[in-house]
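1. Need a 3D model of the sequence below.
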Amino acid sequence: MNKLQAMEVFVQVVDAGGFTRAAENMQLPKATVSTLVQALELALTVKLLHRTTRQVSVTADGAAYYERCLRILSDVREAEESLSRNRANPGGRLRVDVSTSIANTVIIPALPDFFTRYPDIQLELGGSDRPVDLIEEGVDCAVRGGELADSSLIARRIGVLQFVTCATPGYLALHGHPSHPRQLASHRCINFFSSKTGKIHDWDFARGDESINIPVPSSLAVNDSTAYMCAGLAGLGILQMSSYLIDPLIASGKMERVLAEWTTSPLPVHVVYPQNRHLSAKVRVFVEWVADLFLRHPGLQMAAPARPPQGEGARDAQ
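-> Just a heads-up that it's a prediction; the model follows:
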């Protein structure tokens, strides 16, 4: 028995819901399809499928084995693709996860260029501020801001997030401009909390040799970067937001800088992917493309080394 072929046949039977349609899809005799699945069950000493005259359904063991087969067959295809002569024209499904704000303002507007270069790639772009488990959730690669906790991933640093303390002119007209970070205690601030831990991030400031890491009071905390920016634009308080998002709003007069002489800790941005994806042509071209995209973006360039976040409350990417 060719076990890889048997796995492919088993996956097709499950996907098609029966032997007849699977045989048609694979252009194989139905008897061959049935024999290969039976041989697979015999080799594994488990029942993979429930068979009746009307339908075929997967057993509990079969469902678990189906998921493993999908991963194995995907890895085989990735390895073949990486070494094939067609690696200059990669194709297939590519699943990428990225924060909402970076997806909406940086990556999606540039996708026409990506698809012009790689028309055979079908991109599935997950946009959220929730940390994902790349292996568990079947994600090929992700763009992440902040220090990396998972050392099992391959990471390439592609940019830096700079942060700006700001508020609307309307809010500042009512409440005034703080002249020192500690005066934020008497202001309304908008906080950001981690989707993973629920922890509200402290705010950090530096001026010369002076550095401050403080919690700030707020009547509102959110865990989504788009909601965070919308709350700021609604005049709900002072916030610390990524400069690539805020700079256009400052230029248009919708927001104003606060505590401009104080800087905040920048965060590195990485594109990360599991080790078993490093040979994949489609992952490789996306990594190169997004690295070049960040290099050309004025608000995300690695112009200065990222200072490690102060304290335990390192902010999520915004």
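2. where along the stretch 1-150 of the chain do the helices fall?
-> Using DSSP state H, counting those that start in this stretch, the helices found in the stretch 1-150 of the chain span residues 3-16, 19-26, 30-44, 60-83, 100-102, 108-117.
3. Lowest average pLDDT across those helices?
-> For those, the bottom mean pLDDT is recorded on helix 60-83, which sits at a mean of 82.
4. Any idea how far that helix is from the middle of the chain?
-> When C-alpha coordinates are averaged (C-alpha atoms, centre = their mean, to the nearest Å), helix 60-83 and its chain have centres 22 Å apart.
5. Repeat that for stretch 154-166.
-> Using C-alpha atoms, centre = their mean, the offset of stretch 154-166 from its chain centre is 14 Å.
6. Same question for stretch 99-107.
-> Stretch 99-107 has its C-alpha centroid displaced from the chain centroid by 10 Å (C-alpha atoms, centre = their mean).
7. same check, this time on stretch 105-112
-> 15 Å.
8. Check stretch 94-107 too.
-> Chain-centre distance of stretch 94-107: 7 Å, with C-alpha atoms, centre = their mean.
9. hey, C-alpha coordinates of that stretch in CSV?
-> Extracted C-alpha coordinates of stretch 94-107, given in CSV (Å, rounded to 0.1, in the frame of the first residue of the first chain):
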residue,chain,number,x,y,z
LEU,A,94,-2.1,31.2,2.2
ARG,A,95,-3.5,32.1,5.6
VAL,A,96,-2.0,35.1,7.3
ASP,A,97,-3.0,36.8,10.6
VAL,A,98,-2.3,40.4,11.4
SER,A,99,-3.7,43.1,13.7
THR,A,100,-6.8,44.9,12.6
SER,A,101,-5.2,48.3,12.2
ILE,A,102,-2.2,47.0,10.2
ALA,A,103,-4.5,44.9,8.0
ASN,A,104,-6.8,47.8,7.3
THR,A,105,-4.3,50.7,6.8
VAL,A,106,-1.1,49.0,5.5
ILE,A,107,-1.6,45.6,4.0
